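[1] Next input, structure requested:
(chains A and B)
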Amino acid sequence: MAMSTPSPAPSSPAQTARPVRGWATRLPRALGLAALVAVAVILGTGLGSVTVPPGDVLAALWRGVSGQELAGSDVIVWQIRLPRVVMGLLVGAALSMSGGAFQGVFRNPLADPYLLGVASGSALGATVAIVLNWPRTLIPLAALVCALGAVALTLILAREGRRFPPTRLILSGVVIGSVLSAVSTALILRGQDRARLVLSYTLGDLGFSGWHDVATVLPYVAVGGGTLLLLSRALDTLQLGDLTARSLGVPVERLRLLVVVAASVATAGAVAYVGIIGFVGLIVPHIARLAFGAGHRTLLLTSAVLGGAGLVLADLLARTTVLSQVGIVTTLLGGPFFLWLLRRQRE
Amino acid sequence: MKILTLTTTLALSGALAGTAAATTYPLTFKDDLGRTVTVKAEPMRIISMLPSTSETVCALNVCDRLVGVDQYSDFPAQLSKVPKVGDLFTPNVEAIVAQKPDVVLVSKYSKLDGPLTQAGITVVAVNPETYDEVFSKTLLLGKILNREAAAKALVTTMARDIAKTEVLARAAVNKPTTYFEIDPTPYSIGPQSFLGVLLTKAGARNIIPESMGDFPKVDPEFIVKSNPQLMLGLDAKTAAARPGWAGLNAVKSSKVIAIPAELNTMLGRPGPRLPAALRALAKLIHPELFR
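    A predicted model of the protein is given here:
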């Protein structure tokens, strides 16, 4: 999250040019990604702290889909595990797409979805709600409002006339983040006995995600992610530099604002309901870039798939091992995994 | 098992009677931080940094010797007149030193022993964490404060009052399987924890097995699988709104009971109000026994 200077673009313009690929290369990759999601969903719904035989899992899914009455362990599979899995897919996709878009729009490999204050904003909102003992249903709303507020504040502070210079955006985001974190910490220290609840939120947890939460998060992810996909070609052009992009007819300032807002909306919607899951939005786009190339349409789509499946698997580890929270798993295992991938790439 | 603990507590209290003597100072012992501490003379100016310890000090009839307490010490009522000197983790060290205490009672989780010992003040870390320690630490405090007879009498009364509730709860026809939520992450309590022991004594069957530890984070699907008859520590609306919980036995039969604030405080303080807390808890679980 913390970053000082914008470093060179993550990919050279040469890489950015979309390679002409036929169905011969695309189809196996698409099938591979689909298989990955399928595996994640099957494992995610099949395994858990309670053992449900595979036959019963299938029966539960059938009864759930067909709207029949749920019996026995059906409730576990259909009302607890499956929404948790779907939420994992949604949130993983939102964070990874936002991360990929941020890295592209700032031409900075260190950018992540929390760059402009979404994380510290939602943490502050949740902390206020928890410390003041508001009803639990208000926590995500408070988090959402504060997260979007933090991004708006960052944009206002970074604005220079009609322009939003990247360096000012990044620096404003970092400062807003630090200031809001300090406020949160002060609040936590005042209401010490609720510190664990706040900590649990800031680590991210899919524990109580139901169908209702999935339905609430879906619009943010769909609108935010969809907008980013529509902007992917312009993001490709932007990799050539602001000046060149402008001369090629890309409205650079408007593009930057739109990407930042769309990515923040997707991230804020996801984070408000499951907490601040770290690291996914930073490393998944890099993994996607290493594996599938740097063209933004492919990058965003594959990031969404990899991030979603990855988060489902991370959550599976969280609920079946001592790691206990999905945010711990993503950071603890995601970091080393990414480093391993980087080193392999060099060889 | 339960009869065994009951008889041991009674035997313990029986053996205690009539052996109290005045404490001889200087008194040297090992405290909860494993430090060897020497209390030079009978402490006349005491500071307590733990609400439960403050309650115990007052129950030993030396409430008037408290010259400072932490900001959460609010029972008994007369503590409102005692200066507040911060809390365990953000203590007001200057205010503590200014009171010139003979002894400062802390828990093993504070870092107060460093600066205060340096300032020449005797610091004792004493905080009960298990059920049995509530009694042993009360006796230790009695010894430190030269109130051994009072401490033995207090422990005897507590054991007797606990036994009363236990006998009553044992008569319950149905001991409900129970999920006790200590925070909505959700965390619960194992049977060996302080609260877990009380829950069993109050006539409930904890759904958390010992193997899950004392304060386990619980997977919601485990609770659905266990399908408890009673839920404590959350309200009915919250429980019903959780995915997959609406059909659980406790929710359907309206046996989801939030812990009242005062009882919650008492349950969080392993001190002299333990018997009262147990009784209130048993009343929540088995209202039919208290008519």
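[2] Now do the contacts for residue A:279.
    By C-beta atoms under 8 Å, 6 or more residues apart in numbering or on different chains, residue A:279 lies in contact with A:330-331, A:334-335. C-beta coordinates here come from the backbone N, C-alpha and C atoms, glycine included.
[3] meant to ask about residue B:109
    With C-beta under 8 Å, 6+ apart as the criterion, the residues that contact residue B:109 are B:88-89, B:127.
[4] Dihedrals phi and psi, the residue of the stretch 101-250 of chain B found nearest chain A?
    Using C-beta to the nearest C-beta, the single residue of the stretch 101-250 of chain B nearest to chain A is residue B:243, 3.0 Å away. Per-residue torsions, residue B:243: phi -60, psi 120 (degrees, to the nearest 10).
[5] If you drop the residues flanking it in sequence, what lies closest to it?
    In space, and not counting its chain neighbours, residue B:243 is closest to residue A:210: 3.0 Å by C-beta to C-beta, 6 or more residues apart in numbering or on different chains.
[6] since we're on that neighbour, how many residues are nearby?
    Look at residue A:210: counted by other C-beta atoms under 10 Å in any protein chain shown, it has 20 neighbours.
[7] From the contacts of residue B:109, keep the buried residues only.
    Among the contacts of residue B:109, those that count as buried by neighbour count (16 or more other C-beta atoms under 10 Å in any protein chain shown) are B:88, B:127.
[8] Give me the residue at the spatial middle of chain A.
    residue A:95 (1.2 Å; C-alpha atoms, centre = their mean).
[9] Residue A:327 touches residue A:276, doesn't it?
    Yes. If you go by C-beta atoms under 8 Å, residue A:327 and residue A:276 touch, sitting 6.9 Å apart.
[10] anything in contact with each of the two?
    A:202-204.
[11] just the residues you listed now: which is nearest residue B:67?
    The shortest gap between residue B:67 and any of those belongs to residue A:202, at 39.2 Å (C-beta to C-beta).
[12] Contact partners for the closest one?
    With contact taken as C-beta under 8 Å, 6+ apart, residue A:202 is in contact with A:123, A:126, A:275-276, A:327.
[13] Just those: which are in strands?
    Judged by DSSP state E, strands contain none of the contacts of residue A:202.
[14] re the thing from before, which among the contacts of residue A:279 gets closest to residue B:100?
    Checking the contacts of residue A:279 against residue B:100 by C-beta to C-beta gives residue A:331 as the nearest, at 48.6 Å.
[15] give the contact list for that closest one.
    Residue A:331 makes contact with A:278-279, according to C-beta under 8 Å, 6+ apart.
[16] what about it, distance to residue B:89?
    26 Å (C-beta to C-beta, to the nearest Å).
[17] how close does the residue nearest to residue B:243 get to residue B:241?
    Going from residue A:210 to residue B:241 by C-beta to C-beta gives 8 Å.
[18] Equivalent analysis for residue A:337, please.
    36 Å.
[19] Next: residue A:331.
    For residue A:331, the distance to residue B:241 equals 30 Å [C-beta to C-beta].
[20] For the residue in chain A positioned nearest to chain B, grab phi and psi.
    The shortest separation between chain A and chain B is 3.0 Å, found at residue A:210 (distances taken as C-beta to the nearest C-beta). Here is the backbone geometry of residue A:210 (degrees, to the nearest 10): phi -110, psi -180.
[21] can you pull the contacts of it?
    Residues touching residue A:210, when contacts are defined by C-beta under 8 Å, 6+ apart, comprise A:79-80, A:83, B:242-244.
[22] same check, this time on residue A:155
    With the criterion set at C-beta under 8 Å, 6+ apart, residue A:155 makes contact with A:116, A:164, A:169, A:257, A:260.
[23] What helix or strand is residue 179 located in?
    Going with chain A. Take DSSP states H and E as the rule and residue A:179 turns out to sit in helix A:166-190.
[24] if you could check chain B rather than the one you did, that'd help
    Using DSSP H and E, residue B:179 sits within strand B:177-183.
[25] residues making contact with that strand?
    So strand B:177-183 is contacted by A:196-197, B:187-189, B:195-196, B:199, B:204-208, B:215, B:223, B:226-234, B:250, B:285 (C-beta under 8 Å, 6+ apart).
[26] sorry, back to before: do I have it right that the residue nearest to the centre of chain A meets residue A:284?
    Yes. At 7.5 Å, residue A:95 and residue A:284 qualify as touching, with contact defined as C-beta under 8 Å.
[27] Give me the common contacts of these two.
    Counting by C-beta under 8 Å, 6+ apart, the contacts common to residue A:95 and residue A:284 are residue A:307.
[28] so what's residue A:106 up against?
    Residue A:106 makes contact with A:6, A:115, A:166, A:169-170, according to C-beta under 8 Å, 6+ apart.
[29] tell me which parts of the stretch 101-250 of chain B are close to chain A?
    In this structure, the stretch 101-250 of chain B approaches chain A at residues B:183-187, B:217, B:219-222, B:224-225, B:238, B:241-244, B:247, judged by C-beta under 8 Å from any C-beta of the partner chain.
[30] Can you list which of these are found in helices?
    In this view, those that belong to helices under DSSP state H are B:220-222, B:224-225, B:238, B:241.
[31] just checking, residue A:204 touches residue A:273?
    No. Using C-beta under 8 Å, residue A:204 is not in contact with residue A:273, being 10.3 Å away.
[32] more crowded one of these two?
    Looking at residue A:204 and residue A:273 with other C-beta under 10 Å, you find the greater number of neighbours at residue A:204, namely 28 against 24.
[33] is it possible to export the ones in helices among the residues of the stretch 101-250 of chain B next to chain A to a markdown table including neighbour count and pLDDT?
    A markdown table is the format used below for those (neighbours: other C-beta atoms under 10 Å in any protein chain shown; pLDDT from 0 to 100):
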| residue | neighbour count | pLDDT |
| --- | --- | --- |
| B:220 | 24 | 91 |
| B:221 | 24 | 91 |
| B:222 | 19 | 93 |
| B:224 | 21 | 93 |
| B:225 | 19 | 93 |
| B:238 | 18 | 92 |
| B:241 | 16 | 92 |
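[34] For those residues, please prepare CSV with the additional fields distance to residue A:238.
    As requested, those are exported to CSV (distance: C-beta to C-beta, whole Å):
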residue, distance to residue A:238
B:220, 44
B:221, 45
B:222, 49
B:224, 49
B:225, 51
B:238, 47
B:241, 45
